[in-house]
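Asker: The following comprises the amino acid sequence and a computationally predicted model.
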Amino acid sequence: MILSPQSQLLERNISLFEEGKWAFVNPSDAYFLDGLKSSEVTVIHQYFDIFAESVRVIPSVTLDSRDIDKSGFEVTQKVGNHTHTFAPFVTTENAFTDVMLFLPKAKTHFQLLLRMAAGMVGEHGRIHVVGENKGGIKSAAKLMQQYGSPQKIDSARHCSLVTVVVEQAHGAFEPDAWVDVSLYEVDDTSWNIASMPGVFSHKELDAGTLLLLQKHSTSMRGNVLDFACGAGVIASYLMLRYPHLTFFLSDVSALALYCSALTLAENELSATIFAADGLHGVSQKVQHIITNPPFHTGIKTDYTITKRFISDAKKQLTSKGTLQMVANRFLPYPGLLAEEFSTVYTKAQTSQFSIYDASL
């Protein structure tokens, strides 16, 4: 059991949690809360990996995109005195005295979380933020000023803890205010994409994804998985181009899955959606996987996600199945793919990205 630096800082301030009604949003590990077993707390997870590690009984979640409307979705599991909820957001109002936010990578995502937390605590409630110093906690304090006067509580393990008392009522979080719907166009296909802060390539078509759409395989059949689907850009485009295909979408992020469902609805499409940590717990076999996979965890480059994905993808594919992916040219994926797939070739390349086709 290794606590993240953020959790180690909170552990130093454990007395902070002795009073009040607390909610935690996006804890950076599943273990800090073990120190609060006797306290009733609510934990909101936008990331399925920490949710699954915390509750230990839900390896993945399968959703029908048509069941996800603008009010979102949630998966809740009680563990002792703790209530864990996997959801893109919550709209509870004045339900807590204190909310602890773990600082996300993107400023716009942090602004969304601040607004949600302000509704959760109401006037005179407290919002606390813990984050790594090199992850932007100093600029985060400036963003907190719109809710009150931020105060630094402690600093250790290269992290800081900042608190603000909310000076006025803000009402429940309104997801509609944070959803952007943009019209994208690739070749002769135009379609709508719904995205929110915290979702990959919010408000823009990522250059790697664009290259993948331009160079995608045209010989796919049967079941196709869009892994790390983000806002559903790849799946929705290909579903419009090839209506005979059956698509599945997966992501670790509740915000991404929510936006994917909205994107599909915007284009009068539907699909099965998986919330999962990589492909763990997903049993659906597919003929093809297509992906623009993540290679970051927090603020660091992290290849382990895609290394594990390549290994797991082989097990997920049927006989003679294929994997098509886009990646930054500097990433060492050709060798990793060759360890698992019998045929690997580079289909397209730019100064920044490569498209790899791999088949069993």
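Answerer: Alright, I've got the coordinates. It should be emphasised that the depicted structure is a prediction, and the values quoted were computed from it without experimental measurement.
Asker: who are the neighbours in contact with the residue nearest to residue 242 when sequence neighbours are not counted?
Answerer: In this structure, residue 242 finds its nearest non-sequential neighbour in residue 220, 6.7 Å apart by C-beta to C-beta, 6 or more residues apart in numbering. Backbone N, C-alpha and C define where each C-beta goes, glycine included. By C-beta atoms under 8 Å, 6 or more residues apart in numbering, the contact list for residue 220 reads 238, 242, 245, 287, 288, 290, 322.
Asker: I'd like to know how far residue 220 sits from residue 246.
Answerer: To residue 246, residue 220 is 10 Å away according to C-beta to C-beta, to the nearest Å.
Asker: neighbours of residue 113, just the number please.
Answerer: 25 (other C-beta atoms under 10 Å).
Asker: got a pLDDT number for it?
Answerer: With respect to pLDDT, residue 113 scores 98.
Asker: Make 22 the starting number, not 1.
Answerer: All right, first residue 22 from here; so that's residue 134.
Asker: Toward the C-terminus, what is the element adjacent to the host helix or strand of it?
Answerer: Per DSSP states H and E: residue 134 is located in helix 128-142. Downstream of helix 128-142, the next assigned helix or strand under DSSP H and E is strand 147-153.
Asker: For that following strand, which strands pair with it and how are they oriented?
Answerer: Using DSSP bridges, strand 147-153 pairs in its sheet with strand 119-123 (parallel), strand 180-186 (antiparallel).
Asker: Can you give the distance of the first one from its chain's centre?
Answerer: Spelled out, that is strand 119-123. 18 Å (C-alpha atoms, centre = their mean, to the nearest Å).
Asker: contacts for that strand?
Answerer: Contacting residues not belonging to strand 119-123 are listed as 27, 31, 41-49, 131, 134-135, 138, 141-142, 146-152 [C-beta under 8 Å, 6+ apart].
Asker: how about 7 Å then?
Answerer: The contact list for strand 119-123 (C-beta atoms under 7 Å, 6 or more residues apart in numbering) reads 27, 41, 43-49, 134, 138, 141-142, 146-152.
Asker: Show me just the buried residues among the residues you listed.
Answerer: 27, 43-49, 134, 138, 141-142, 146-152 (16 or more other C-beta atoms under 10 Å).
Asker: before we move on, back to that, for the helix holding residue 134, buried residues please.
Answerer: Across helix 128-142, burial judged by 16+ other C-beta under 10 Å covers 129-142.
Asker: what pLDDT does the residue nearest the centre of the chain get?
Answerer: The centroid of the chain falls nearest to residue 274 when counting by C-alpha atoms, centre = their mean (2.4 Å). At residue 274, the pLDDT value in this model is 98.
Asker: Ok, residue 320 next?
Answerer: Residue 320 is given a pLDDT of 46.
Asker: Please apply the same query to the one 4 residues further on.
Answerer: The confidence metric pLDDT takes the value 67 at residue 324.
Asker: just to revisit the earlier point, what separation is there between the residue nearest to residue 263 and residue 310?
Answerer: Distance from residue 241 to residue 310, by C-beta to C-beta: 10 Å.
Asker: Overlap of the contact sets of these two?
Answerer: By C-beta under 7 Å, 6+ apart, no residue touches both residue 241 and residue 310.
Asker: Run through the strands of the stretch 72-221 of the chain in chain order.
Answerer: Applying DSSP state E, counting those that start in this stretch to the stretch 72-221 of the chain gives strands spanning 81-85, 96-100, 103-107, 119-123, 147-153, 172-177, 180-186, 201-207, 210-216.
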